[in-house]
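>>> give the three-dimensional model of this entry:
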Amino acid sequence: MPVVVSRSVPAASAPCVCPGFYTQPAVTTARRGLPAPPADGHGRSAARLLGPRQLWVRLRTELAKHFGLGHRVEELSSALVGKTLYFRSPPLDQELIRAVRAITPQFALRPDENSRRVWELSQNGSSWAEYEALAPLLEAMAEPARILEIGPGMGRSVVFLSRHMGWRNATFDLYEGEGRARKYPLNAARADDSFCGDLGQLCRVLDFNQVKNYRLVDAATTGFRLDALPGPYDLVYSFYGVGFHWCLADFWDEILGLLGARGVAIFTVHHSFQEFPALAGTPHRYLPFRRILAKDRPLNLLVVSPDPATLRAIGGREERA
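The predicted structure is shown next:
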């Protein structure tokens, strides 16, 4: 049975505009704090060059989304769709489609088996892509006792980690907020009304996947403050949440305060992510990972830990401001 944590807390801090999120396009890679992508010999990023097939896949995906034509498995990465299937999607009805659409606008799903299968494979493949980048870290870790996910979406990561890693004794605290519409601010400013989750549909998908080791935390009951949560946590992560849609610097002190002495925090970050002073002084690594939609370029996972030894085995690259 989900548990809602409630506690009175101080007002949210003032939002940042740039550090911990985007830079302007003219800002150099060094200032972004990300590894430089390989050049193609003409001073251009090789990661930005798309072949004819990729261009066609990208065009068809956008047309399908725009006109509601439905999606095909061929739009997904062929290297990821064939992986072991851990995440299962229930039948898609209009309520679940609305909830998925709010958090993953790249999909225009229909209440049919084809859309259900595409969404199922996309969720499962996305988790596999993150795992491939994080495998040296995750496989070296003892099973965490306490895990916090910020913005769990429809629960794909909880399902994957519980099953693939065998973390069935860990407790996942899932921090999410209700919202009928997506309101991600363009400057990544922290805003309480930018949550667009659906707690009922999240529970429905987790129940369908027979996941029991979680507690649901309604962000509204904590004053939208992470430091209202009962830390410390062994693992904190936010895939396509903090660091991607919201400025990491805004949440930094709260997240760092929740980590145990050897705890690990993981965030999906944009290509144009810009470091900020507090991050530069904390041991961290950037790990590139591929994405489930064949049209999309790779992104980076930012891995942070107060304990430098925890990060030594995972490779990646560290950049400091």
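>>> going forward, measure contacts between C-alpha atoms and count neighbours the same way
Fine.
>>> need the strands for the chain, in chain order.
Counting by DSSP state E, one finds strands in the chain at the ranges 146-150, 171-176, 214-218, 233-238, 259-269, 284-289, 299-304.
>>> can I get these in CSV with mean neighbour count?
Output for the strands of the chain, formatted as CSV (neighbours: other CA atoms under 10 Å):
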stretch, mean neighbour count
strand 146-150, 23
strand 171-176, 24
strand 214-218, 20
strand 233-238, 23
strand 259-269, 21
strand 284-289, 22
strand 299-304, 22
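>>> do you know which of those lies nearest Leu206?
Smallest distance to Leu206 across these (CA to CA): 9.1 Å, for strand 214-218.
>>> ok so, going back, possible to save the strands of the chain as CSV with distance to Ala249 and mean pLDDT?
Formatted as CSV, the strands of the chain follow (distance: least, CA to CA, whole Å; pLDDT from 0 to 100):
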stretch, distance to Ala249, mean pLDDT
strand 146-150, 15, 97
strand 171-176, 18, 97
strand 214-218, 22, 97
strand 233-238, 14, 98
strand 259-269, 12, 95
strand 284-289, 14, 94
strand 299-304, 13, 95
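>>> in CSV: those strands, plus distance to Glu275.
Output for these, formatted as CSV (distance: least, CA to CA, whole Å):
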stretch, distance to Glu275
strand 146-150, 20
strand 171-176, 24
strand 214-218, 29
strand 233-238, 17
strand 259-269, 11
strand 284-289, 11
strand 299-304, 11
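>>> wait, which of those is closest to Ala135?
Nearest to Ala135 among the strands of the chain is strand 284-289 (10.8 Å), distances taken as CA to CA.
>>> which ones are touching Phe289?
Listed by CA atoms under 8 Å, 6 or more residues apart in numbering, the contact set of Phe289 reads 129-130, 132-133, 298-301.
>>> what about the strands of the chain, which gets the closest to Asp112?
strand 171-176 (27.5 Å).
>>> so which elements touch the closest one?
Using 3 or more CA pairs under 8 Å, 6 or more residues apart in numbering; DSSP states H and E as the contact test, the elements touching strand 171-176 are strand 146-150, strand 214-218.
>>> listing request: residues of the stretch 101-250 of the chain with sub-threshold pLDDT.
181-189 (pLDDT under 70).
>>> what about Val81, how many residues nearby?
Other residues lying near Val81 total 21 when counted by other CA atoms under 10 Å.
>>> any figure for the gap between it and Leu293?
Using CA to CA, to the nearest Å, Val81 is found at 10 Å from Leu293.
>>> same question for Asp227.
The gap separating Asp227 from Leu293 is 35 Å, by CA to CA.
>>> looking at those two now, which is surrounded by more residues?
Per other CA under 10 Å, whichever of Asp227 and Leu293 has more neighbours is Leu293, with 22 against 18.
>>> beta partners of that one?
Leu76 (DSSP bridges).
>>> got the contact list for it?
Contact analysis of Leu293 by CA under 8 Å, 6+ apart lists 75-77, 122.
>>> the most centrally placed residue in the chain - nearest residue in space that isn't next to it in sequence?
Closest residue to the average C-alpha location of the chain: Phe239 at 1.0 Å, with CA atoms, centre = their mean. Counting by CA to CA, 6 or more residues apart in numbering, the nearest residue to Phe239 once its immediate chain neighbours are dropped is Thr268, at 5.1 Å.
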